[in-house]
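Trainee: Generate coordinates for the sequence data below:
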Amino acid sequence: MRGIFRASLLLACIVSLGGLAAGQSKHRVTFKKGATSAKVKDTIRGFEYRDYLIGAIAGQTIAVKLTSMNTYTMFSIFQPDGANLEGTAQVVNFSGRIPASGDFVIRVAMMRAEARRKKSVSDYSLTVTIN
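Mentor: Take a look at the predicted model:
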């Protein structure tokens, strides 16, 4: 009987985590030929977040601007090694030098206080410029 309970509990955990993971997504930001800037528009709900992959070379300058009517929507930037890029934890604007070459992740999400509210939604646009 314990074995059945444990198996049921494990299955319930897997199913609930699978639903959470389905709400997350990664998108590579591409720049039109000759362009140094790209803009994406999207929507997140609740605890969802979007990861945007940006390839960059050490020494380049990156500028990121998030625009949303929901003032609780922010972004963070993670370096290729997974560390947070200094000065980019839960911000709406950032400009600075790229410290290392590779794929950086820009994660857009709502702050927890807003995300936990029923029917919380955020339409946003994210503009990324690399020089």
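
Trainee: for this structure, what spans make up the strands?
Mentor: Along the chain, counting by DSSP state E, strands occupy 25-28, 37-45, 49-56, 61-68, 73-78, 93-97, 102-110, 121-130.

Trainee: Going by mean pLDDT, which of these comes out lowest?
Mentor: Across the strands of the chain, strand 25-28 has the smallest mean pLDDT, namely a mean of 86.

Trainee: Contacts only, for P80.
Mentor: A100, S101, G102, D103, F104 (C-beta atoms under 8 Å, 6 or more residues apart in numbering). For glycine as for every other residue, the C-beta is placed from the backbone atoms N, C-alpha and C.

Trainee: switch to 10 Å and redo it
Mentor: G55, A56, I98, P99, A100, S101, G102, D103, F104, V105 (C-beta atoms under 10 Å, 6 or more residues apart in numbering).

Trainee: nearest residue to the fifth one other than its sequence neighbours?
Mentor: Looking back up the chat, that one is A100. Leaving aside its sequence neighbours, A100 sits nearest to A58 (C-beta to C-beta, 6 or more residues apart in numbering; 5.2 Å).

Trainee: What backbone torsions are found at the one you found?
Mentor: phi -50, psi 130 (degrees, to the nearest 10).

Trainee: in stretch 67-76, what's buried?
Mentor: S68, Y72, T73, M74, F75, S76 (16 or more other C-beta atoms under 10 Å).

Trainee: so the third one sits right up against R107, yeah?
Mentor: When you say that, I think you mean T73. No: judged on C-beta atoms under 10 Å, T73 makes no contact with R107 at a distance of 11.3 Å.

Trainee: list residues touching both of the two?
Mentor: With C-beta under 10 Å, 6+ apart, T73 and R107 have common neighbours Q90.

Trainee: I'd like the strands of the chain as JSON lines, with distance to G87 appended.
Mentor: Formatted as JSON lines, the strands of the chain follow (distance: least, C-beta to C-beta, whole Å):
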{"stretch": "strand 25-28", "distance to G87": "23"}
{"stretch": "strand 37-45", "distance to G87": "20"}
{"stretch": "strand 49-56", "distance to G87": "16"}
{"stretch": "strand 61-68", "distance to G87": "11"}
{"stretch": "strand 73-78", "distance to G87": "9"}
{"stretch": "strand 93-97", "distance to G87": "6"}
{"stretch": "strand 102-110", "distance to G87": "13"}
{"stretch": "strand 121-130", "distance to G87": "16"}
